[in-house]
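J.: sequence below, structure please.
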Amino acid sequence: MKNVALSYEKTVLTDVNLQIKKGEFVYLIGKTGAGKSTLLRSLYADVPVQSGEATVCGFALKDIMKKNIPLLRRRLGIVFQDMQLLNDRTVFDNLSFVLKATGTHDKNIIKERVMQCLDSVGLADKAQIYPYNLSEGEMQRIVLARAIVNNPEMIIADEPTGNLDPITSEEIVKLLLKLNKENNTTILMATHDYLIINDFRNRVISCEDGKIRE
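T.: Just a heads-up that it's a prediction; the model follows:
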């Protein structure tokens with residue numbers, strides 16, 4: 001990003017200059033309302049870039065055409081703050097839905113990839129369970145599995161440990177670190193959890209007074 005301004009209902013961040021390299025793990029911190037979620041949402045074109053230049057996974061975000069937004073999102077794994085799991089579908093169907101929506105229709109390929117992702121988060125045995133029967137920690141791991149099912153170049157995680165106990169939070173961050181190191185997946189994780197930041201040190205950027213600071 002270069003000299004970017006972002007707003008959601010009102011201008012939140014201005015003069016944003018930020019570069020995240022392929023394979024980096026970056027924490028995003030800041031007070032509630034400081035603009036963390038706005039910044040994350042801009043990266044998958046849910047909040048428009050008002051001015052300046054911004055590129056994510058090869059897509060220029062300023063004035064991005066609507067038809068190109070799904071193409072951008074195929075390259076991203078998004079961990080939403082409120083999880084957004086579909087409670088009327090099994091865990092397996094929650095993940096397979098993503099693959100089908102992005103153009104994969106071969107049932108064998110879908111099954112292999114979904115089970116591979118569930119196994120990577122230690123929940124292969126929960127494939128036929130509905131989300132409302134899982135613990136919050138299990139649901140968050142399912143959300144991570146869903147985020148990686150499409151082999152994303154970058155994972156955008158908005159407070160993935162916000163409602164979890166310390167032990168489960170640590171497990172989630174370790175999973176993200178594993179994805180980062182083994183797959184060279186870029187991770188941008190918004191968090192208020194300074195214990196996590198201290199225990200698993202990586203680059204930290206902050207939303208503060210309408211700016212992004214290192």
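J.: let me see the mean pLDDT of the longest helix seen in the chain.
T.: As assigned by DSSP state H, the longest helix anywhere in the chain is helix 166-183. In this model, helix 166-183 has a mean pLDDT of 91.
J.: could you do stretch 206-214 as well?
T.: Mean predicted lDDT for stretch 206-214 stands at 91.
J.: what's the first-to-last distance across that stretch?
T.: 6 Å (CA to CA, to the nearest Å).
J.: in that stretch, what's buried?
T.: Under the neighbour-count criterion of 16 or more other CB atoms under 10 Å, stretch 206-214 has 206-207, 212 buried. Where C-beta positions appear, they are placed from N, C-alpha and C, glycine not excepted.
J.: of these, which is the nearest to residue 4?
T.: Distance to residue 4 across those (CB to CB) is lowest for residue 212, with 9.0 Å.
J.: residue contacts, the closest one?
T.: Contacts for residue 212 were tallied using CB atoms under 8 Å, 6 or more residues apart in numbering; they are 13, 16-18, 39, 205-206.
J.: distance-wise, check residue 39 relative to residue 212.
T.: In this view, residue 39 and residue 212 are 7 Å apart by CB to CB, to the nearest Å.
J.: hang on, the earlier thing: show me the buried residues of stretch 206-214 that map onto strands.
T.: The members of the buried residues of stretch 206-214 that map onto strands under DSSP state E are 206-207, 212.
J.: please save the CA atoms from the longest helix of the chain in PDB.
T.: What follows is helix 166-183, C-alpha atoms only, in PDB (Å, rounded to 0.1, in the frame of the first residue of the first chain):
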ATOM      1  CA  PRO A 166      -5.300 -19.000  26.700                       C
ATOM      2  CA  ILE A 167      -4.500 -22.700  25.900                       C
ATOM      3  CA  THR A 168      -6.800 -22.800  22.900                       C
ATOM      4  CA  SER A 169      -5.600 -19.400  21.700                       C
ATOM      5  CA  GLU A 170      -2.000 -20.800  21.700                       C
ATOM      6  CA  GLU A 171      -3.100 -23.800  19.700                       C
ATOM      7  CA  ILE A 172      -4.700 -21.600  17.000                       C
ATOM      8  CA  VAL A 173      -1.600 -19.400  16.700                       C
ATOM      9  CA  LYS A 174       0.600 -22.500  16.500                       C
ATOM     10  CA  LEU A 175      -1.600 -23.700  13.600                       C
ATOM     11  CA  LEU A 176      -1.200 -20.300  11.900                       C
ATOM     12  CA  LEU A 177       2.600 -20.400  12.400                       C
ATOM     13  CA  LYS A 178       2.700 -23.900  11.000                       C
ATOM     14  CA  LEU A 179       0.900 -22.800   7.800                       C
ATOM     15  CA  ASN A 180       3.200 -19.800   7.600                       C
ATOM     16  CA  LYS A 181       6.400 -21.900   7.900                       C
ATOM     17  CA  GLU A 182       5.400 -25.100   6.000                       C
ATOM     18  CA  ASN A 183       3.500 -23.500   3.100                       C
END
